[in-house]
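no sequence on this one, just coordinates:
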C-alpha cells in the first residue's frame, strides 16, 4: 500500500491511497484542477483513480466531489447522512456512481478492506477510515473534537497515521476569530489541538507504527514548526521513540507529500 497526503489543512483535504488493484482518493477538498496537479507531482494521473471516499460534507472535504465523479466516472462512497447533506452542493452525480458506506462497518474492495468509524464533528454524519492491505493498516482521522475510547480501539497500533493537529490553543484564543467560532473549534464537535493530537498518539501508537503525518493544520491558528515541536516534545517526554521507532511528517495545504509505502 502506498499513500500520499496530497493536501491537508483548513482550506482543503485530499489523500491518495494505492494498492495493486485500486487507486483511491479520500476526500476532494480542492478544485479538480488542483487535485490533478498534485497527482501529477507524485507521478500519478487522476484519470486512473477508480474510487472516491468522502468523510463529510464540509467544503474543505467535498469541494470537487461532483466534478471528479462526472469527469472521471468515479465510484463515490459516503454514508447516508453525508450524501443527504452534500447532494445539493455537488451537482448531478449518476445514481450508479453513488454508494452508501455505513458508519462503523468494513467493506471489501478486493485487495484492500476499508473500515469506517464515526467521529465527533459538527457535520451531518462524519466518519473517517482505516485502510487494511496485506497485514498493513493506514488510519486517517481529522475533524473531530475529541477521540473516544471507541475510536482509539479501532485505530490502535496502525502502521501509519494521518492525525489532526489543527491549532495551537493559545494562538486560537488570542487570534482574530469570533468568539463563537473559537468555541466551535475548541468544543467536542470541533477540532483537535496540537496537544490533543499528541495525546491521541500516546494512546494509539504501537510497535507497528512507522509513519505519523500531522494533519489539518490551521493556517490562522497554528504554525508548522510549532505543531511539530509541540507533538515531538510531548511524545519524547513520554519516552516515545520519535525519529527512531517512527517518524513524524508535516503536511501542507497544497503540496503533496512524497508517495510512501506503508
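Structure's in. What do you need? Here the structure is a predicted model, which is why all the values come from computation and not from measurement.

Kindly provide the distance from residue 48 to residue 29.
20 Å (C-beta to C-beta, to the nearest Å). For every residue, glycine as well, the C-beta is placed using N, CA and C.

do the same with residue 8
9 Å.

The two: who's more crowded?
residue 8 (31 against 28; other C-beta atoms under 10 Å).

for the more buried one, what are its contacts?
Applying C-beta atoms under 8 Å, 6 or more residues apart in numbering, we find residue 8 in contact with 15, 142, 162, 213, 215-217, 251-253.

try 10 Å this time
14-15, 27, 29, 60, 140, 142, 162, 164-165, 213-217, 250-257 (C-beta atoms under 10 Å, 6 or more residues apart in numbering).

out of the residues you listed, which are inside helices?
Those of the contacts of residue 8 mapping onto helices are residue 60, per DSSP state H.

Mark which of the contacts of residue 8 are buried, thanks.
Using 16 or more other C-beta atoms under 10 Å as the burial test, the contacts of residue 8 include 14-15, 27, 29, 60, 140, 142, 162, 164-165, 213-217, 250-251, 253, 256-257 as buried.

where do the strands sit along the protein?
2-7, 14-18, 23-26, 51-53, 75-78, 98-100, 106-108, 113-118, 127-133, 136-141, 160-164, 211-215, 247-250, 260-261 (DSSP state E).

so which of these gets nearest residue 191?
Among the strands of the chain, the nearest to residue 191 by C-beta to C-beta is strand 160-164 (6.2 Å).

Longest helix in the chain, please.
Every helix in the chain considered (DSSP H), the longest is helix 224-237.

got the contact list for that helix?
Residues outside helix 224-237 that contact it (C-beta under 10 Å, 6+ apart) are 163, 165-171, 193-195, 197-199, 201-202, 205, 212, 214-215, 217-218, 222-223, 240-243, 246, 248-252.

switch the cut-off to 8 Å
Taking C-beta under 8 Å, 6+ apart as the rule, helix 224-237 contacts 165, 168, 171, 194-195, 197-199, 201-202, 205, 214, 217, 242, 248, 250.

Counting neighbours, which of these end up buried?
Among the contacts of helix 224-237, those classed as buried by 16+ other C-beta under 10 Å are 165, 168, 171, 194, 197-199, 201, 205, 214, 217, 242, 248, 250.

And residue 227, how far from residue 214?
From residue 227 to residue 214 the distance is 6 Å (C-beta to C-beta).

before we move on, what about residue 172?
16 Å.

from what I can see residue 204 touches residue 152, true?
Yes: Residue 204 lies in contact with residue 152 (C-beta atoms under 8 Å); the separation is 5.5 Å.

between those two, who's got more neighbours?
Neighbours were counted for residue 204 and for residue 152 using other C-beta under 10 Å; residue 204 has more, 22 against 13.

Report pLDDT for that one.
Here, the pLDDT recorded for residue 204 equals 98.

what about it, distance to residue 153?
The value you get for residue 204 to residue 153, if C-beta to C-beta is used, is 9 Å.

Tell me where this structure is predicted with low confidence.
Scanning the chain for pLDDT under 70 picks out no residues.

Correct me if wrong: residue 103 contacts residue 124.
No: taking contacts as C-beta under 8 Å, residue 103 lies outside contact range of residue 124: 11.3 Å.

Please name the nearest non-neighbouring residue to residue 41.
Nearest residue to residue 41, sequence neighbours excluded (C-beta to C-beta, 6 or more residues apart in numbering): residue 256, at 5.1 Å.
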